[in-house]
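Peer 1: Fold the following.
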Amino acid sequence: MSCQIVIVLGMHRSGTSAVAGYLHSLGLELPSETLSAHPKDNPEGYFEPQRMVQLNNRLLAALGLNWQSTRPISADELAAPDLAPIKEEIKQYLTETCQPGRKLVFKDPRLCRLLPVWLPLIKQHCQAPLIIHTVRNANAVADSLARRAEQQELAGAAITSRYKATLLWLRYNLDAWHHGRASGLAMHTLSYETFSTSKAARKTLQQWLKNKMALPRSKANTPRPARPQQTSAEWQPDQDWQLLLTHAEHCLANSHTTQASDWLGNLHRLAELRIPAKHQNDPVAPPPEDLVIAATIKHISGQQPKPLVPAGKEHSPKSRWEGSLARLRNSVTKTKQNPKRPQASEDRPEYLFISEHPTSRSHIYRVKNPVDALNRAGHRAAWLTPEQALQNPDAWKHCKKLIIHRCEWSDTLAELYQTADRFGVPKIYDIDDYIFEPALIDQGHIDFINRLPEQHKQEWKAKIARFRQALLAADRGMAPTNRLVEAMEQLGIPSSLKPNGLSPETIALSEHWHGALKNSAPTYSNQPAKRLIYASGTPTHEGDFGCFRNAVADFLNNEEDWGLTIIGALDTSNLKSLLNTSAQVRLEHRPLVEHINLPYELARGTLNLAPLQENNPFCAAKSPLKWFEAAAAHVPTLATQTGAYSENIKSKETGLLTTNTAATSLGISKLALNPTLLPQIASQARQDASQGLAEKTLIDRITWQLEE
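Peer 2: Model (predicted):
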């Protein structure tokens, strides 16, 4: 009979030792000598084979990591030839250990990350292994890791940053879930808190094992109960992250369901982000670890929808994780009968943001950044999709304002508005583009729509009509530019200006990349050090860039020590036809990056371009994103003198303004070749943008008339 193995996966301090010890008491063998017990950290023992831990530490080191590293590990890295010598040692270890007839328990938290290395080798010696994934509350894990700092001999293995500990928790558990699911092996997921206190949970685990293998013993030792979480359950400044962790824990425990599995799959894709991205490979200093962690958390929690789970009901088998519409309607009825608003509590938001497209750039600026800033300022804010808001009655009980961002009118939104009215919650419609006036299409003001087939034009007209209906049904409006505020008020909607603002993570990353890249030579692409730069992220930018195209082409043809970098999906075929052979070599096209990695791209530039179509109401209403994003990275901007650019940029002080007809090769040359003007503008623009448009300084634009 071949060897049988049960692999215990889970984050460090998640009860994997207790589970491995329980399996050992059922008669499963430990493969080799294990780490010694510690009277404070693990008095019953770690049940981790020393040789396995050593091999895994060497694997991580070969990847430039250690057990505390939060960076994702790609499949290509795990298959790299450089790991071959260590894999041979693993193979030898398994040859010595996996003798026929043995029933073994393999336990090392590092296997969560390195399972794809071990599994193919295990299968060469044993029948298909079983996997037990142990999940513990993220904050309880963080508390446990922090307590190690109290013991001198354990201080080196302590993690005192809750952000790092909880991100590491997510990384380990997502890797365990993903690798286990990809393996196709039988996997049992359990909650450590439940396992350590419930005989029924241990019996369920034992029965699952009996169905898969013959256990040497029928009785097992009772594990020590899990130590309770010490972290406060009250509303936290990082509540957006805390909500995600709570729901991730629930979905991991219920990953056998399609809904939970789909949610985890999307979360895993988001968590694969690297800062910087793989192709951003200049040999310069990376950002500090705490900044990378903060930016990663920002990226993940900003794009992954999660429900507001009622406190104490995260694991209740009698309530679905997303609540029920019936419960909501009952709550609405009671509120209508007794309209007195209850006092605010510590576990419900005052400001509820609604967003349909969490992966969009507008969501970052109009939803995620304000939510984070409000929470940091001592308010309580959260964001949900329209469907989630309807499925969470508790989200409404203490809500003072509902901010609906860029949602189209639909039956769901209509019900959302009705619910807000019944609870007496003001509805604020927030939009960042002039896409609530269908006449703009007929007038030809939206360039990318002009280039669509007639059928698609009509679809966009219908879409814009739905945006308009959603705006008209709201109580107030909010927008990032004065032109949009004026357009809303012309429709009879009282509106307020709330500019787009920079998050502290973006400001810090921009500052870091400016310092790291300003003196570095772009050796990876053999491109000139002085570069015009244009960041394109949406189809609307095709028409805008066309306004500067001829001037840019002439400039590049004449100035051989300058290049042009295009970021994103901009069609450069028309530009290339205007460039001579030398200039074409100096044209660099870089892929679109996640927003959190955009500061790196901008910091590589010398002069940023922000052209807009003139005499165009759609363009005049745009936010000056291109100016202040580049300014944060100490890069000056040459912009068309229209709309918000003319309102925010002081020409030759915080930027450069020009008309499109004046944007000639000579005009660019006078600005770009001035050795003193550009640095002066860059410095002042950075100060204005990072101070005046920091999100924390814009919060009063959201909290106006709070007691209304």
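Peer 1: what packs against the helix or strand where Ala682 lies?
Peer 2: Per DSSP states H and E: Ala682 is located in helix 677-687. With contacts defined as 3 or more C-beta pairs under 8 Å, 6 or more residues apart in numbering; DSSP states H and E, helix 677-687 has these neighbours: helix 625-632, helix 665-672. C-beta coordinates here come from the backbone N, C-alpha and C atoms, glycine included.
Peer 1: and among the ones you listed, the most buried is which?
Peer 2: Greatest average neighbour count among these goes to helix 625-632 (a mean of 26), per mean count of other C-beta atoms under 10 Å.
Peer 1: what about the nearest residue to Ile493 once chain neighbours are set aside, which SS state?
Peer 2: The spatial neighbour of Ile493 that comes closest, neighbours along the chain excluded (C-beta to C-beta, 6 or more residues apart in numbering), is Gly477 at 4.4 Å. Under DSSP: H, G, I helix; E, B strand; the rest coil, Gly477 falls in the strand class.
Peer 1: returning to that earlier point: mind listing what's buried in the helix holding Ala682?
Peer 2: By neighbour count on 16 or more other C-beta atoms under 10 Å, the buried set for helix 677-687 is 678, 681-682, 684-686.
Peer 1: next one: stretch 254-274
Peer 2: Buried-residue list, stretch 254-274, by 16+ other C-beta under 10 Å: 254-255, 260, 263-264, 267-268, 270-271, 273.
Peer 1: Among these, which one sits closest to Glu437?
Peer 2: Leu270 (34.1 Å; C-beta to C-beta).
Peer 1: after the lowest-mean-pLDDT helix or strand in the chain comes which helix or strand?
Peer 2: Least confident helix or strand, the chain: helix 325-337 with a mean of 44, by mean pLDDT, DSSP states H and E. For helix 325-337, the following helix or strand on the C-terminal side (DSSP H and E) is strand 351-355.
Peer 1: Parallel or antiparallel, list what pairs with that next one.
Peer 2: According to DSSP bridges, strand 351-355 forms sheet pairs with strand 381-384 (parallel), strand 401-405 (parallel).
Peer 1: Helix or strand next in line after the first one, which one?
Peer 2: In other words, strand 381-384. Reading on from strand 381-384 to the C-terminus, the next helix or strand found by DSSP H and E is helix 386-390.
Peer 1: now the last one
Peer 2: Toward the C-terminal end, the helix or strand that comes next after strand 401-405 (DSSP H and E) is helix 411-423.
Peer 1: what angle sits between that following helix and strand 401-405?
Peer 2: 160 degrees (axes from the mean of the first three to the mean of the last three C-alpha atoms, to 10 degrees).
Peer 1: Which other helices and strands does helix 411-423 contact?
Peer 2: Under the contact criterion of 3+ C-beta pairs under 8 Å, 6+ apart, helix 411-423 touches helix 325-337, helix 386-390, strand 401-405, strand 427-430.
Peer 1: any idea which helix or strand carries Thr134?
Peer 2: strand 130-135.
Peer 1: Give me the packing partners of that strand, helices and strands only.
Peer 2: Packing contacts for strand 130-135, counted by 3+ C-beta pairs under 8 Å, 6+ apart, involve strand 4-9, helix 16-25, helix 162-183, strand 187-191, helix 192-197, helix 199-212, helix 239-253.
Peer 1: so when I look at Glu437, I'm seeing a helix, right?
Peer 2: No - judged by three-state DSSP, Glu437 forms no part of a helix; its state is coil.
Peer 1: show me what contacts it?
Peer 2: 464, 468, 487, 617 (C-beta atoms under 8 Å, 6 or more residues apart in numbering).
Peer 1: ok, 10 Å please
Peer 2: By C-beta atoms under 10 Å, 6 or more residues apart in numbering, the residues touching Glu437 are 443, 445-446, 464-465, 467-468, 487, 490-491, 617-618, 621.
Peer 1: hmm, which of these are the buried ones?
Peer 2: Buried among the contacts of Glu437 by 16+ other C-beta under 10 Å: 445-446, 464, 467-468, 487, 617-618, 621.
Peer 1: Just name the closest of these to Leu30, please.
Peer 2: Checking the buried ones among the contacts of Glu437 against Leu30 by C-beta to C-beta gives Phe467 as the nearest, at 62.6 Å.
Peer 1: Now the particular helix or strand that has that closest one in it: average pLDDT?
Peer 2: Phe467 is located in helix 454-472, with elements delineated by DSSP H and E. Mean per-residue pLDDT for helix 454-472: 95.
Peer 1: what angle separates it from helix 411-423?
Peer 2: Going by the same axes, to 10 degrees, helix 454-472 makes 0 degrees with helix 411-423.
Peer 1: Show me the contact partners of helix 454-472.
Peer 2: 404, 406-410, 413-414, 416-417, 427, 429-431, 433-442, 446, 448-453, 477, 479, 487-488, 491-493, 495.
Peer 1: Among the strands paired with strand 351-355, show the one with the smallest mean pLDDT.
Peer 2: Among those, strand 381-384 scores lowest, with a mean of 92.
Peer 1: just to revisit the earlier point, as PDB, could you dump the C-alpha coordinates of the helix or strand following the strand holding Thr134?
Peer 2: Proceeding N to C from strand 130-135, the next assigned helix or strand is helix 138-147, under DSSP H and E. The C-alpha coordinates for helix 138-147 follow below in PDB (Å, rounded to 0.1, in the frame of the first residue of the first chain):
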ATOM      1  CA  ALA A 138      -7.500  37.800  10.600                       C
ATOM      2  CA  ASN A 139      -7.300  40.200  13.600                       C
ATOM      3  CA  ALA A 140      -6.800  37.300  16.000                       C
ATOM      4  CA  VAL A 141      -3.900  36.200  13.900                       C
ATOM      5  CA  ALA A 142      -2.500  39.800  14.000                       C
ATOM      6  CA  ASP A 143      -2.900  39.900  17.800                       C
ATOM      7  CA  SER A 144      -1.000  36.600  18.100                       C
ATOM      8  CA  LEU A 145       1.800  37.700  15.900                       C
ATOM      9  CA  ALA A 146       2.100  41.000  17.800                       C
ATOM     10  CA  ARG A 147       2.300  39.200  21.200                       C
END
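Peer 1: Check the offset of helix 138-147 from the chain's centre.
Peer 2: Offset of helix 138-147 from its chain centre (C-alpha atoms, centre = their mean, to the nearest Å): 22 Å.
Peer 1: Please verify my assumption that Leu30 contacts Phe47.
Peer 2: Yes - using C-beta atoms under 10 Å, Leu30 is in contact with Phe47, at 6.3 Å.
Peer 1: between these two, what contacts are shared?
Peer 2: In contact with both Leu30 and Phe47: 20-21, 23-24, 105-107, using C-beta under 10 Å, 6+ apart.
Peer 1: now, the most widely separated pair of the residues you listed?
Peer 2: Gly21 and Phe106 (13.6 Å).
Peer 1: Now for those two: what residues contact both?
Peer 2: Joint contacts of Gly21 and Phe106 (C-beta under 10 Å, 6+ apart) are 8, 30, 47.
Peer 1: Please render these as TSV that adds pLDDT to the earlier fields.
Peer 2: What follows is the shared contacts of Gly21 and Phe106, written out as TSV (pLDDT from 0 to 100):
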residue	pLDDT
Val8	98
Leu30	92
Phe47	88
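Peer 1: between the helices and strands packed on helix 677-687, which one is nearest to Pro120?
Peer 2: From these, taking C-beta to C-beta, the stretch that ends up closest is helix 625-632, at 44.8 Å.
Peer 1: what pLDDT, on average, does the closest one get?
Peer 2: Computed over helix 625-632, the mean pLDDT rounds to 97.
Peer 1: The helix or strand following that helix packs against which elements?
Peer 2: Sequence-wise, the next helix or strand downstream of helix 625-632 (DSSP H and E) is strand 637-640. Counting contacts by 3 or more C-beta pairs under 10 Å, 6 or more residues apart in numbering; DSSP states H and E, strand 637-640 is packed against strand 607-610, helix 625-632, helix 643-648, strand 656-658, helix 665-672, helix 677-687.
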